[in-house]
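1. requesting a structural model of the entry that follows:
(2 chains)
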Amino acid sequence: MADFDVIIVGAGCAGPAAAKKSAELGLKTLLLEKAAVPGQKNVSGTCLNSAALVDADLHYLMDGPVEREIREMRTYHIAADRTTAFHEIPTKGILLLSVRRDEFDAWHTEQAKRAGATVQLATSVVDIVEQQGCVRGVVTDKGERHVASVVIDAGGVNSIVGRKAGLIPKRGGHNMILYTTINVYLGREVVDERFGDCIEYYLSEGIQHKTWPWIFPKREVVTIGTGGYMDDRLISGDFPSVNTYMQNFLDLPLVRKKLEGGRIAAWGLHLEFDDVLEQRVKNGLILTGEAGGFVQPFLGEGMPEAFFTGIYAAQAAARAIEAGDVSRERLEESYDDLIESNLFMQAFRYVAAANKESILSMEDGQIVSMMQNVVMGGGFITNVLHNKWMRAAREENLEPLREAYDFMDFIQPYREIGGDFEQIYRERKKR
Amino acid sequence: MKLEMKVDYNPGETGDFLRVDEVRCTGCGRCRMFCTRDVWVRQGSVYRPVNLKDCVECGACWNVCEADAVIFGEPRGGTGVRFTYG
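-> Residues are numbered from 1 along each chain as shown, chains lettered A, B, ... in the order given. Alright, predicted model coming up:
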């Protein structure tokens, strides 16, 4: 006889979403979390994407504690000779909700509790209970054995449940991204003045490897992240450590100025994998969120995927329990259906794959100069180039494309902003 | 601004949640190479997680160990590293 209908391991993003849904569906639900405060083991996921929150399943998350409403986005491309900035300012609308994970995940866990789930904090799951090829429960560090019809794994990237069940493999460093983050305390007024409601992304040489360093404003601090994508060169030690990337980032004159007077309050480290797990469901077990490989590192995106898969896992569990069949086939059928019908998840998977393809196709420095070519000369030149590129695609005609590249070659000498002009100008002024 | 690795820890004993299987360890040092926190130290022909108190539980060492010598479990509930903002 099972103690619970559903046991959920981990109270990050996916866990409380699964627990809340499971309790709402009338299932006897247990949520276990290793941290004393949910969210205190999390080192990533600090901005909620409004494009996902418009889904009715996620509306309730808008009631959670928010640090800042993000309405603008800036991207800096920094080369030796110039810095180029894109600044996107939607006329209306919120792009992201900036949150702090300890407060947000704790609030989210409280919602699961209110819905009727039993929550046990400061409890690490150390093993699973498996009988005749079916996951039947979990064992905690206190030696308790909890049995359920379905176990939902929301234990994150290295989840012990998924590992013990043989679904989370060792990735061996490939397709792995090591991310380091820091919090810089600036005080509310300074964050308001220097960042306001704008998040920032950066790309330059030596401040990342195949990732996009960022600065996200919170209420009183900014969080900063950068990292490295593990390819063979990184593994063989040909690139510096992530801390070196972070230091190089902090040393950029532009960044130094933005953080002037601030102090580092905390440092963190996170591991992400950009590979889809071969199998995410087993008899009696469903993997969600990062445990299920649902993160999109090449978009810096993972929280919505975790919320959605948590909710879908609870729905799949409810249907299977009702049918009296918690086999892999039964669970997988509803789980996969729900995931495949989620347009946000499908679209972002596609965009992430395209971004990965482009960012891995050349060196980071080359991407910076390519991006600067695209926006060179401000609006006039950019307009000409884009127009020709798009026309070529629309008409399936290479001629406008050739014209665009000729135009870029032609304009190149005028793009050089050397010291010549300033020197002549200063000399003449002196006379 | 000089980078400081300021990390907060919960009080309480974590237990040996990270260990090495000394029979399997080949001494290749990949665990050390991928550890940002200098947890792994070479002792004789093997690496041991000597500075476990500095671990941030990222799991890089477990993932990159080809010899399956890194045993990576969970710190006791409510103990170990503590992050705030995410």
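
2. which SS class is residue A:306?
-> Three-state call for residue A:306 (DSSP: H, G, I helix; E, B strand; the rest coil): helix.

3. I'd say it and residue A:296 touch.
-> No: between residue A:306 and residue A:296 there is no contact under C-beta atoms under 8 Å: 10.9 Å. C-beta coordinates here come from the backbone N, C-alpha and C atoms, glycine included.

4. who has more neighbours out of the two?
-> Set residue A:306 next to residue A:296 and count neighbours by other C-beta atoms under 10 Å in any protein chain shown: residue A:306 wins out with 27 against 20.

5. what sits against the more buried one?
-> A:12, A:13, A:14, A:17, A:45, A:154, A:288, A:289, A:290, A:294, A:295 (C-beta atoms under 8 Å, 6 or more residues apart in numbering or on different chains).

6. one more: residue A:6?
-> Applying C-beta under 8 Å, 6+ apart, the residues near residue A:6 are A:18-19, A:22, A:27-30, A:148-152, A:314, A:317, A:321.

7. spell out for me which residue occupies the centre of chain B.
-> residue B:55 (4.6 Å; C-alpha atoms, centre = their mean).

8. and which of the contacts of residue A:6 is nearest to chain B?
-> Relative to chain B, the closest of the contacts of residue A:6 is residue A:30; by C-beta to the nearest C-beta it sits at 14.2 Å.

9. what pLDDT does the closest one get?
-> If you check residue A:30, the pLDDT there is 98.

10. likewise residue A:132?
-> 93.

11. name the nearest residue to the residue nearest to the centre of chain B, sequence neighbours excluded.
-> residue B:39 (4.9 Å; C-beta to C-beta, 6 or more residues apart in numbering or on different chains).

12. contact partners for that neighbour?
-> Counting by C-beta under 8 Å, 6+ apart, residue B:39 makes contact with B:18, B:49, B:50, B:51, B:52, B:54, B:55, B:61.

13. can you count the residues close to the third one?
-> Read that as residue B:50. Neighbours around residue B:50, by other C-beta under 10 Å: 13.

14. and it, how far is that from residue B:15?
-> 16 Å (C-beta to C-beta, to the nearest Å).

15. next: the second one.
-> Applying C-beta to C-beta, one obtains 12 Å for the distance of residue B:49 from residue B:15.

16. please report how far residue A:401 lies from residue B:83.
-> 48 Å.

17. between the two, which is the more surrounded one?
-> Using other C-beta under 10 Å, the more surrounded residue of residue A:401 and residue B:83 is residue B:83, with 25 against 14.

18. verify the contact between that one and residue A:270 for me.
-> No: using C-beta under 8 Å, residue B:83 makes no contact with residue A:270, being 9.3 Å away.

19. just the contacts of residue A:306: which are in helices?
-> With DSSP state H as the criterion, helices contain A:14, A:17 from among the contacts of residue A:306.

20. and the contacts of residue A:306 as CSV, adding pLDDT?
-> Shown next, in CSV, are the contacts of residue A:306 (pLDDT from 0 to 100):
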residue, pLDDT
A:12, 96
A:13, 97
A:14, 98
A:17, 98
A:45, 76
A:154, 98
A:288, 98
A:289, 96
A:290, 95
A:294, 94
A:295, 90
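
21. which ones are touching the residue located most distally from the centre of chain B?
-> No residue in chain B sits farther from the centre than residue B:1, which is 27.0 Å out by C-alpha atoms, centre = their mean. Going by C-beta under 8 Å, 6+ apart, residue B:1 touches A:184, A:250, A:256, A:259, A:262, A:264.

22. how close does the fourth one sit to chain B?
-> Think residue A:259. Counting by C-beta to the nearest C-beta, to the nearest Å, the gap between residue A:259 and chain B amounts to 6 Å.

23. on the three-state scheme, residue A:148 is what?
-> Quick answer, by three-state DSSP: residue A:148 is strand.

24. got the contact list for it?
-> Here residue A:148 is in contact with A:2, A:3, A:4, A:5, A:6, A:7, A:30, A:136, A:137 (C-beta under 8 Å, 6+ apart).

25. still on that earlier bit, is the residue farthest from the centre of chain B in a helix, a strand, or coil?
-> Classified using three-state DSSP, residue B:1 is coil.

26. the residue in the stretch 151-300 of chain A that chain B sits nearest to: neighbour count?
-> Nearest to chain B in the stretch 151-300 of chain A, going by C-beta to the nearest C-beta, is residue A:158, at a distance of 3.8 Å. Residue A:158: 21 surrounding residues under other C-beta under 10 Å.

27. any idea how far it lies from residue A:12?
-> Applying C-beta to C-beta to residue A:158 and residue A:12 gives a distance of 12 Å.

28. residue A:88 now?
-> For residue A:88, the distance to residue A:12 - C-beta to C-beta - is 29 Å.

29. so between those two, which is more surrounded?
-> Neighbour tally, residue A:88 and residue A:12, criterion other C-beta under 10 Å: the higher count belongs to residue A:12, 32 against 11.

30. now residue 52. Nearest residue, chain neighbours left out?
-> Let's take chain A. residue A:304 (3.3 Å).

31. try again with chain B
-> Nearest one to residue B:52, counting by C-beta to C-beta, 6+ apart, is residue B:18 at 5.8 Å.

32. quick one: the one you found from chain A, how far?
-> In terms of C-beta to the nearest C-beta, residue B:18 sits 11 Å off from chain A.

33. that residue against residue B:74, yeah?
-> No: using C-beta under 8 Å, residue B:18 is not in contact with residue B:74, being 9.9 Å away.

34. which parts of the helix or strand of chain B with the lowest mean pLDDT are buried?
-> Least confident helix or strand, chain B: helix B:30-34 with a mean of 90, by mean pLDDT, DSSP states H and E. Residues B:30, B:31, B:33, B:34 are the ones in helix B:30-34 that count as buried (16 or more other C-beta atoms under 10 Å in any protein chain shown).

35. what packs against it?
-> In terms of contacts (3 or more C-beta pairs under 8 Å, 6 or more residues apart in numbering or on different chains; DSSP states H and E), helix B:30-34 is packed against helix B:60-64.

36. now the helix it packs on: how far from the chain's centre is it?
-> 9 Å (C-alpha atoms, centre = their mean, to the nearest Å).

37. quick check: next helix or strand after it?
-> Downstream of helix B:60-64, the next assigned helix or strand under DSSP states H and E is strand B:70-72.

38. buried residues in that following strand?
-> For strand B:70-72, the neighbour count (16+ other C-beta under 10 Å) marks B:70, B:72 as buried.

39. which residues does it contact?
-> A:158, B:17, B:18, B:19, B:20, B:21, B:31, B:59, B:61, B:62.

40. what do you get for stretch B:56-65?
-> Contacts of stretch B:56-65 (C-beta under 8 Å, 6+ apart): A:41, A:43, A:157-158, A:170-173, A:176, A:178, A:235, A:268-271, B:7, B:17-18, B:30-31, B:33-37, B:39-40, B:49, B:70-72, B:75, B:80-81.

41. just the buried ones out of the residues you listed, please.
-> Burial by neighbour count, 16+ other C-beta under 10 Å: within the contacts of stretch B:56-65 this picks out A:41, A:43, A:157-158, A:170-171, A:173, A:176, A:178, A:235, A:268-271, B:7, B:17-18, B:30-31, B:33-37, B:39-40, B:49, B:70, B:72, B:75, B:80-81.

42. contact residues of chain B facing chain A?
-> Residues of chain B found near chain A (C-beta under 8 Å from any C-beta of the partner chain) are B:1-8, B:10, B:15, B:30, B:33-34, B:36-37, B:56-60, B:62-66, B:68, B:72-78, B:80-86.

43. select only the buried ones of the residues you listed in ChimeraX?
-> This is how ChimeraX selects the buried members of the residues of chain B next to chain A, with burial counted by 16+ other C-beta under 10 Å:
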select /B:1,3,5,7,10,15,30,33,34,36,37,56,57,58,59,60,62,63,64,65,72,73,74,75,76,77,78,80,81,82,83,84,85,86
